[in-house]
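**Q** sequence plus the predicted model coming up.
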Amino acid sequence: MRLTFRAATYILMALSPASLAFGQSSAPAHGAPAPSKKYCHPSAGFCFRYPSTWSELGEVFNGNGVVIAPEQTGDRAQWDAITVALVAPSSDSSDALNNVIERTTTAMRQAGQNFETLQRRELTVNHDAAQMLKTRYRQNSTGRDWIEELVFIQGTENEIYSVALKCSPEHLAKLEPALKEVLASWTTSEPESTPSPSSRP
């Protein structure tokens, strides 16, 4: 389950969003809370909720993460999306969180984009230490500007999770509430063991 940080970052960056129209969804009546879906990763040990109008687009990070997105048109690989994943397994380093962020930042700069850090701050996600990194850059292959808001969460054994919103700048205000919902509902647990063939019914 060990991942290279360069490969992990490139997967995040490869999910380049396009400036596309979102599907319409009706607002909940009488101030009722918006419905949501719950996702729990069977082996990486994290759970979160996200808008019911969004869909799972598939797994990433060798099965250690998932991509979710609102309905859009065009190539799915170019959709605005949120990627949630375990990006680094448990570590003995007490500085694991900063190490991951620094390596991620370095890899993004080396990708040849006009990388700019808009904000970096510490926060807490479900009692776990976390840091938010918001960046803006121009993708060389398309010449388009993107915003990426990444939240790195450090687990109890120094494992690092990433919740990354990647979208066109003009869509940020519309998509940030979904990112906040993922973070507000974030929980972790011991990964479930996969039953052996002999123990399966």
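**A** Sure, I can see it.
**Q** how about the lengthiest helix in the chain: buried residues?
**A** The single longest helix within the chain, with elements called by DSSP state H, is helix 96-110. Using 16 or more other CB atoms under 10 Å as the test for burial, helix 96-110 gives A96, L97, N99, V100, I101, R103, T104, T105, A107, M108. The C-beta positions use only the backbone N, C-alpha and C, and glycine is treated the same way.
**Q** ok now that helix, how far from the chain's centre?
**A** Chain-centre distance of helix 96-110: 15 Å, with CA atoms, centre = their mean, to the nearest Å.
**Q** helices or strands up against that helix?
**A** helix 5-14, strand 81-88, strand 128-139, strand 144-154, strand 160-167 (3 or more CB pairs under 8 Å, 6 or more residues apart in numbering; DSSP states H and E).
**Q** now the third one: mean pLDDT?
**A** If I follow you right, that is strand 128-139. The average pLDDT within strand 128-139 is 92.
**Q** which parts of that strand are buried?
**A** D128, A130, Q131, M132, L133, K134, T135, R136, Y137, Q139.
**Q** ok, that strand: who's next to it in the sheet?
**A** Strand 128-139 pairs in its sheet with strand 116-125 (antiparallel), strand 144-154 (antiparallel), by DSSP bridges.
**Q** just those strands: most buried one?
**A** When the strands paired with strand 128-139 are scored by mean count of other CB atoms under 10 Å, the highest mean neighbour count falls to strand 144-154 (a mean of 22).
**Q** circling back: closest to H41 out of the buried residues of strand 128-139?
**A** Ranked by distance to H41 (CB to CB), these are led by D128 at 15.8 Å.
**Q** name the residues linked to the closest one by a beta bridge.
**A** Using DSSP bridges, the beta-bridge partners of D128 come out as V125.
**Q** same question, C167
**A** For C167, the beta-bridge partners are I147 (DSSP bridges).
**Q** for A69, same thing?
**A** Residues in beta-bridge contact with A69 (DSSP bridges): S55.
**Q** how about low-confidence regions in the protein?
**A** In the predicted model of the chain, residues 1-34, 111-113, 190-201 satisfy pLDDT under 70.
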